[in-house]
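K.L.:
how does the following fold in three dimensions:
(one chain, ligands or ions: 3)
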Amino acid sequence: MGSCLSETELISRFFDFQIPGHWSTQGIGDDCAIVEVGQTRLAITTDTVASGTHFLPDADPFTVGKKSLAVNLSDLAAAGAVPRCFFLSLSLPQTDLKWLEAFSRGLRETAEEFSCPLIGGDTTKTAKIEDKQAPFSITITAIGEVQKGLTRQGAQIGDDIWVSGRVGDAYLALMLRTGQWKGLCTQDVAHAMDCPTPRIALGQFLAHYATACADISDGFLKDLGNILTRSSVGARVNIDDLAVSEALRARSRDERRQAQLAGGDDYELVWTASPQARAAMREFEKTARMQGEPLVLSRVGTIIPDGLILVDNSGCEVMNTFKGFDHFANENV
Ligand SMILES: Nc1ncnc2c1ncn2[C@@H]1O[C@H](COP(=O)(O)OP(=O)(O)O)[C@@H](O)[C@H]1O
Ligand SMILES: Cc1ncc(C[n+]2csc(CCOP(=O)(O)OP(=O)(O)O)c2C)c(N)n1
Ligand SMILES: [Mg+2]
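P.N.:
Ligands and ions are numbered 1, 2, ... in the order given. Next comes the predicted model:
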C-alpha cells in the first residue's frame, strides 16, 4: 500500500531516533555522517542501487559495478573525505556468473581508481513471491576520513553558489532510453548516466573553502534545497548559469530545464563559498584542465536570507515548478 509521505518525511517520522551514543556525530540529514572516533574523524555513507529503480534491468553489469560504488564515493566527496574502505551487500535472485564477473570487474576498477579497498559485506538470495522475483539490489557502505568535514549546514548570506560539471545528461539518457523523449542516446550522454565520476579531488579541495556542500543525486534544486533548509537560508539562482552539454542544449527549453533543475542522477557537487574564494575555485578548475580533465565549475547564484528566487539570463523570474527525485513521489494512500 502507498503512503503520502515523501522520502524525507518518512525518514524523519520513523527513523530519526536521536539516541545519544558514545561517538559524537551531527545526526541524520547530510550526505555523510561525520563520526568522531578518538582523534580520527570518519565520514560514513550508505546507498542502495536496485534493478528497475536505479538502473535499467538490461544495464551493462560492468557499469552497474562502477556506478554502485561511485554513488557512495560521491557522498564522501560531498563531505570532503578521503575514501578509505567500503562494504558490499548483494541481494541476488540467482548466481549469474557472467553478470557477476562483469559487475565485479567494474566495481574493482572504481575501487582501484580511488584506492578504496572492499573489506566486507553480505550476500543473500532474493525470494520469489507468488512467482514474482524480487529485483536485485546492491548496497554499499563507504567510509572515508576527513579533517573537519563538509555538511549541508553552514551556508552564509552573501555566499556564492557553485556547481561542478554539466548537470542534466544522466536524466536525458534515461528519457531517451525509455522512449519518453525522442532522439538517439549518444555515447557521451549514456556515459553520464552509466559512469558518473565521483568528485573526490574537488571535495577534498572544497573542504578548505566551502561553507556547505551536497552531491546532486536527486536534482540540482532539491539538493540545493537541502543545503538551504539545513543552513536556514535562501538563494537566488540564475538557471542559465548552469553549464550545459551540447546534447542537452539541442533539446527544447522545457526539457533542458527539467533535466538540469530536477533530473538527478548526476553526482556532481553543489556548494556555497565566500566570494573571496572565487580565485581559488578558478585556480582549481584551471589546474584540473591542465591535467587533462575538462572540469567546469559554474557560479550560479547567491545565498540570501530566505526563499528561492530563480531567474534566467534575461533577468526574468522563472516559476519553480520543479520537483526533483523522490522515491515515493507518485504514491497515494
Ligand atoms: N532508512 C534510513 N534511516 C536512517 N537515516 C536515513 C535513512 N534513509 C536515509 N537516511 C538519511 O537521511 C538523509 C537523506 O538521505 P538521502 O537523500 O538518501 O541522502 P544521500 O542523497 O546523501 O544519499 C541522509 O543523511 C541519510 O543518511
Ligand atoms: C531505471 C531507472 N529509473 C530511474 C532512474 C533515475 N533515478 C534513479 S535513482 C535517482 C536519484 C538518486 O537515487 P537515490 O536512491 O535517492 O540516491 P541518493 O539520493 O540516496 O544518493 C534517479 C534520478 C534511473 N537512474 N534508472
Ligand atoms: Mg541515500
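K.L.:
residue 46 belongs to a helix?
P.N.:
No. Under DSSP: H, G, I helix; E, B strand; the rest coil, residue 46 sits outside any helix and is assigned strand.
K.L.:
what's the distance between it and ligand 1?
P.N.:
Distance, residue 46 to ligand 1, using C-beta to the nearest ligand atom, to the nearest Å: 7 Å. In this view, the C-beta of every residue, glycine as well, is placed from N, C-alpha and C.
K.L.:
quick one: residues contacting that residue.
P.N.:
Shown in contact with residue 46 (C-beta atoms under 8 Å, 6 or more residues apart in numbering): 72, 139-142.
K.L.:
can you list the buried residues in stretch 71-84?
P.N.:
Buried residues in stretch 71-84, counted by 16 or more other C-beta atoms under 10 Å: 71-84.
K.L.:
nearest to residue 201, of these?
P.N.:
residue 77 (8.4 Å; C-beta to C-beta).
K.L.:
from the contact counts, what lies against the helix or strand encompassing that closest one?
P.N.:
Using DSSP states H and E, the element containing residue 77 is helix 61-78. Counting contacts by 3 or more C-beta pairs under 8 Å, 6 or more residues apart in numbering; DSSP states H and E, helix 61-78 is packed against strand 40-50, strand 82-92, helix 97-113, strand 137-146, helix 187-194, helix 200-206, strand 210-216.
K.L.:
and those: which comes nearest ligand 2?
P.N.:
Nearest to ligand 2 among the helices and strands packed on helix 61-78 is strand 40-50; the distance by C-beta to the nearest ligand atom comes to 4.9 Å.
K.L.:
how far out from the middle of the chain is that closest one?
P.N.:
Its chain's average C-alpha position is 12 Å from that of strand 40-50, according to C-alpha atoms, centre = their mean, to the nearest Å.
K.L.:
what mean pLDDT does that strand have?
P.N.:
Mean per-residue pLDDT for strand 40-50: 97.
K.L.:
adjacent strands (with direction) for that strand?
P.N.:
Sheet pairing of strand 40-50 (DSSP bridges) gives strand 33-37 (antiparallel), strand 137-146 (antiparallel).
K.L.:
could you identify which of those strands is most buried?
P.N.:
Compared across the strands paired with strand 40-50, strand 137-146 shows the largest average neighbour count, a mean of 22 (mean count of other C-beta atoms under 10 Å).
K.L.:
spatially central residue for this protein, please.
P.N.:
residue 217 (3.0 Å; C-alpha atoms, centre = their mean).
K.L.:
wait, it sits on residue 265?
P.N.:
Yes. Counting by C-beta atoms under 8 Å, residue 265 is a contact partner of residue 217 at 6.7 Å.
K.L.:
shared neighbours, those two?
P.N.:
Common contact partners of residue 217 and residue 265 (C-beta under 8 Å, 6+ apart): residue 325.
K.L.:
would you mind measuring from the residue lying closest to residue 312 once chain neighbours are set aside to residue 257?
P.N.:
Spatial nearest neighbour of residue 312, excluding adjacent residues (C-beta to C-beta, 6 or more residues apart in numbering): residue 240 at 5.0 Å. Between residue 240 and residue 257 the distance is 10 Å, computed by C-beta to C-beta, to the nearest Å.
K.L.:
now swap in residue 315 and tell me
P.N.:
Using C-beta to C-beta, we find residue 315 at a distance of 16 Å from residue 257.
K.L.:
neighbour count: those two, which is higher?
P.N.:
For residue 315 versus residue 257, the count of surrounding residues by other C-beta atoms under 10 Å is larger for residue 257: 22 against 7.
K.L.:
make sure that one is indeed in a strand.
P.N.:
No. According to three-state DSSP, residue 257 belongs to no strand; its state is helix.
K.L.:
so it makes contact with residue 239?
P.N.:
Yes. At 6.7 Å, residue 257 counts as touching residue 239 under the criterion of C-beta under 8 Å.
K.L.:
tell me, what's touching these two both at once?
P.N.:
Listed as contacting both residue 257 and residue 239 by C-beta under 8 Å, 6+ apart are residue 318.
K.L.:
need the contact list for residue 225.
P.N.:
Counting by C-beta under 8 Å, 6+ apart, the residues that residue 225 touches are 308, 324.
K.L.:
so it, which state does it fall into?
P.N.:
With three-state DSSP as the basis, residue 225 sits in helix.
K.L.:
quick check: it vs residue 164, distance?
P.N.:
Taking C-beta to C-beta, one finds residue 225 at 18 Å from residue 164.
K.L.:
and residue 252, by the same measure?
P.N.:
Distance from residue 252 to residue 164, counting by C-beta to C-beta: 25 Å.
K.L.:
ditto for residue 266
P.N.:
Per C-beta to C-beta, residue 266 is found 9 Å from residue 164.
K.L.:
follow-up on the earlier one: ok, so of the buried residues of stretch 71-84, who is nearest ligand 1?
P.N.:
Nearest to ligand 1 out of these is residue 75 (C-beta to the nearest ligand atom; 4.9 Å).
K.L.:
all set now, cheers.
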